[in-house]
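Asker: Provided below are the primary sequence and the corresponding predicted coordinates.
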Amino acid sequence: MERKADVELLQRHLAGVPGAFEELVSRYTDELYGFLCRFVGNATAAEDIIQDAFVQVHVAAESFDQSRAFRPWLYTIAANKARDYLRAKGRRQEYSLEGSATADEDGPSPGQNLEAADRAVAEEVDDRERNAAVREMVDQMPEHLRLILVLGYFQQLPYAQIAEILEIPVGTVKSRLHSAVSHFGKLWKQRVEA
């Protein structure tokens, strides 16, 4: 099946073609979920923000400038909804209680399987602790640095798209991203030295 361009799907949605909007939602839900979880630090809130963002896309679809790319427009809407959420919550930190599963490892003997499982569990605990520490450091950053770090580092969006999302020049994106990485590095160093 041919993958339709985002703008074409939006045009089809505006023309009343069934399934066009659902395809856009399906195409971007996972990507936005990852971005929003990192930015707001709450999986449930991320799901709610995604719904709000797509409602906004639906409502504002006719006003979308079709000469622009859809993805940065969607990210702009989602980022604004996330900022609204953070302001409403007063930046109160919340944590997810969800865990992650590990894959089974095969070994030639039951003893080696147990050793491998112990190593896998230890590595998983280390990964979780490191991820929690990273989340804590990112949450401590000022909003403008946290947002650009999530867009540039975690979402790996190109500078031009970040510039369009944040409505700032590409040079400012590079400068802020450098500042964000530097700020994160200082926080991390303070944590390690503590």
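Answerer: Looks like it arrived, so ask away. Numbering: from 1, shown residues only.
Asker: Name the nearest residue to the most centrally placed residue in the chain, sequence neighbours excluded.
Answerer: Computing the C-alpha centroid of the chain and ranking residues by CA atoms, centre = their mean puts F35 first, at 0.8 Å. Spatially, and ignoring its direct neighbours in sequence, F35 is nearest to Q155 (5.0 Å; CB to CB, 6 or more residues apart in numbering). Using the backbone N, CA and C atoms, a C-beta is placed for each residue, glycine as well.
Asker: what's the spacing between that neighbour and A88?
Answerer: As defined by CB to CB, to the nearest Å, Q155 lies at a distance of 23 Å from A88.
Asker: and if you look at A60?
Answerer: Applying CB to CB to A60 and A88 gives a distance of 21 Å.
Asker: Same check on E62?
Answerer: Taken as CB to CB, the span from E62 to A88 is 28 Å.
Asker: Rank the helices and strands of this structure by mean pLDDT and give me the bottom one.
Answerer: The weakest-scoring helix or strand in the chain, judged by mean pLDDT, DSSP states H and E, is helix 110-140 (a mean of 67).
Asker: Next secondary structure element downstream of it?
Answerer: helix 143-149 (DSSP states H and E).
Asker: Quick one: mean pLDDT over that next one.
Answerer: Over the span of helix 143-149, the pLDDT mean works out to 90.
Asker: then the next helix or strand after that helix to CSV, C-alphas only?
Answerer: Following helix 143-149 in sequence order, the next helix or strand is helix 159-166 (DSSP H and E). The C-alpha trace of helix 159-166 is given here as CSV (Å, rounded to 0.1, in the frame of the first residue of the first chain):
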residue,chain,number,x,y,z
TYR,A,159,17.3,21.6,13.2
ALA,A,160,15.0,23.1,10.5
GLN,A,161,11.9,21.3,11.9
ILE,A,162,12.8,22.3,15.5
ALA,A,163,13.1,25.9,14.3
GLU,A,164,9.7,25.7,12.7
ILE,A,165,8.1,24.1,15.7
LEU,A,166,9.5,26.7,18.1
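Asker: Okay, buried residues for helix 159-166 please.
Answerer: Using 16 or more other CB atoms under 10 Å as the test for burial, helix 159-166 gives Y159, Q161, I162, A163, E164, I165, L166.
Asker: Per the annotation, how does this protein divide into domains?
Answerer: In the domain annotation for the chain, the residue ranges read 1-90, 126-194 (automatic domain parsing).
Asker: per-stretch mean pLDDT over those, give me the minimum one.
Answerer: The bottom spot among those, by mean pLDDT, belongs to domain 126-194, with a mean of 87.
Asker: Distance from the chain centre to that one, please.
Answerer: 12 Å (CA atoms, centre = their mean, to the nearest Å).
Asker: same deal with stretch 26-43?
Answerer: 4 Å.
Asker: From the rest of the structure, what touches it?
Answerer: Residues outside stretch 26-43 that contact it (CB atoms under 8 Å, 6 or more residues apart in numbering): 6, 9, 45-47, 49-50, 53, 71, 74-75, 78-79, 82, 85-86, 93-96, 98, 135, 138-139, 146-147, 150-151, 154-155.
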